[in-house]
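**Student:** I would like the atomic coordinates for the input below:
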Amino acid sequence: MPEEIEQLKAELESLRRENTKLSRRLLNMQSIFDRNKLITGAQANMMAVIAANKSKQEKYLELLLSNAPDVIMLFDQHGRFAYCTDAFLKEADILNFGLINGRTYHDVFQRFADDKFIKKFEDALKLTEQNKQAATFDALIDFRRCGNPGNYSIQIASMRNEKGEISGTLALFHDLTELLKAKAQAEQANRAKSDFLATMSHEIRTPLNVIVGIADIMKNSDLNDKQREYMQNIRNSSHILLNLINDILDFSKIEAGKFELVNEYFDFNHLLYKIESIFKIMFTQKKLEFLCRFSGNLPDVVLGDEKRITQIFTNILNNSFKYTNEGHIIFSAHVCEKTKDICFDIEDTGIGIKQEDIPRLFKSFEQFDKVKNKKTVGTGLGLAITKNLVELMRGSIGIKSEYGLGSCFSVRIHLPFGSESDLKREAVPVYNFTAEEAKILLVDDIEINLMVAEAMLKGFGIIPDTALNGRDALEKVKIKDYDLILMDHMMPEMDGIEAAEKIRGMGGKYEKIPIIALTANAVSGAKEMFLSNGFNDFLSKPLESQALAERLFKWLPAEIIKDGN
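**Tutor:** Okay, the predicted model is just below:
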């Protein structure tokens, strides 16, 4: 009996342990079930979010394509329409996509395009299939068949699956019509600007030609030292004015960032002296005191673009001259010991500038205080050009001003120092000759220009024939053999280019007569234009004796040139 009780106890203990194990397993299974339930719920939520996002993306894609301004077409691998944007349906006046769905591009394109365009389209398709690259071509297409075709750039690309097999084609038609119209208008405006600049160049250079020409003639006459100094100042001032004209004509280059510097070693002291001597006369005439304060640490020779540096300070001093009616102008320069930059200051007692106007000061065509400045003449380009030039030299320019009391412009430029040995000592050829036997025809419609040129030629012993327009010149060429023709460009009745063309058209000896363009048209490309229209050479007004001597020596027959000594 006791043994049976012990056996029952053992079995009972075993059942209890088994029950404990089963309870733990049940709890684990419940936990797994709960976790799986959560995962299933999360997966369901995620699928719902993905579906919602996909639907949202599809809606955005549909909105994008339906509102795309370009014509977009999709074709299957057999060239049948699978999709197109609303832009195409609207342009081609097709009510809905169902009318063309499944039809070939050949059938649909026949509505608005000829066989030549369809052939070009098919060739582009084959090219994309072979090269796996997009093909592009331009064409005129009249989608509405209204007689007003548009200019389209057409891009075609093959659509391939993950295996690289062609599953369709995409074609995009981009309308260039308005862009090309804008381009044509811009080109027309640019031509108008070029014509204006050429005319302005001619009109300004014509009187300047007289000033420089007479100064050139008088410098060789019997003058005392004071008169010679005055004459040299006239020449220097004229050349500065000429440089300003050239810079205005080249302003488009500055705007385009194509303005180039020509850096060479030059005599810095001479540059400062030249600026001082010119403006001292100008300011004295206006009863203004002009003071120059140049530090003793300034270098004798520097590396830079002498012409452009001169222009910078000419522009600023001209600005002070225009806006200062009493008091003084102080032009100072020194070397910054720390950076070795050369620092310039131009201080005046002029009308000053309001603080709110200073940010606009260096913008093109700006002039402030119209009431105060109503008698001041200017284009508003000077300081804009100056700022561009300073920045092109990696320098800086700034201003401090008090309205009604004056202004101070500060310019800082880094100009590497040099020495006397760095200066180019180019020998300037001296033309000392006469050509009394030379037969020259001088053609210009302005009599004072003829007078100046005649006087300059007289210095070489030459008495020219003259004509007031191309037609008169043509008649004189027919009855006399000339060694050289100096021909103006812009003249009434027949201009210089037409006259040169007619002279060359006479053939024979007339094809070999040297014809030199004598013109005030000095805009960019003018020289090339003359050389391609029958001229042999080019002389820009205002005429200078050195340049004239070079051309005479080059083009006159050698046997009539005699030593002038």
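
**Student:** In the stretch 51-200 of the chain, where is pLDDT below threshold?
**Tutor:** Counting by pLDDT under 70, the low-confidence segments of the stretch 51-200 of the chain come to 51-68, 190-191, 193-195, 197-200.

**Student:** So which residues of it form helices?
**Tutor:** 86-91, 105-109, 115-131, 177-219 (DSSP state H, counting those that start in this stretch).

**Student:** In a markdown table: those helices, plus mean neighbour count and distance to Thr519.
**Tutor:** From N, CA and C alone the C-beta is placed, and that goes for glycine too. As requested, the helices of the stretch 51-200 of the chain are exported to a markdown table (neighbours: other CB atoms under 10 Å; distance: least, CB to CB, whole Å):
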| stretch | mean neighbour count | distance to Thr519 |
| --- | --- | --- |
| helix 86-91 | 17 | 52 |
| helix 105-109 | 17 | 55 |
| helix 115-131 | 14 | 48 |
| helix 177-219 | 15 | 7 |
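
**Student:** would CSV of these with distance to Thr310 be doable?
**Tutor:** Listed next are the helices of the stretch 51-200 of the chain as CSV, based on distance: least, CB to CB, whole Å:
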stretch, distance to Thr310
helix 86-91, 58
helix 105-109, 65
helix 115-131, 58
helix 177-219, 17
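
**Student:** right, and Asn315 touches Thr386 too?
**Tutor:** Yes. Here Asn315 reaches Thr386: they are 4.5 Å apart, a contact under CB atoms under 8 Å.

**Student:** Neighbour count for these two, which is higher?
**Tutor:** Using other CB atoms under 10 Å, the more surrounded residue of Asn315 and Thr386 is Thr386, with 24 against 20.

**Student:** shouldn't the more buried one be in contact with Ile397?
**Tutor:** Yes. Counting by CB under 8 Å, Thr386 touches Ile397, with 6.8 Å between them.

**Student:** Return every residue with contacts to both of the two.
**Tutor:** Residues within reach of Thr386 and of Ile397 at once, by CB atoms under 8 Å, 6 or more residues apart in numbering, are Phe362.

**Student:** Lys274: neighbouring residues, count only.
**Tutor:** 18.

**Student:** a strand runs through it, doesn't it?
**Tutor:** No. Membership of Lys274 in a strand is not supported by DSSP: H, G, I helix; E, B strand; the rest coil, which gives helix.

**Student:** Is Leu172 bridged to anything, and to what?
**Tutor:** Ile72, Gln155 (DSSP bridges).

**Student:** quick one: contacts for it?
**Tutor:** 70-73, 154-156.

**Student:** Same question for Tyr265.
**Tutor:** Applying CB under 8 Å, 6+ apart, the residues contacting Tyr265 are 301-303, 418, 422-424.

**Student:** element containing it, please.
**Tutor:** In the assignment (DSSP states H and E), Tyr265 maps to strand 264-267.

**Student:** mean confidence for that strand?
**Tutor:** The pLDDT scores in strand 264-267 average 92.

**Student:** Please shift the residue numbers so they start at 4 in all later answers.
**Tutor:** All set: I'll call the first residue 4, so the last point we hit is now strand 267-270.
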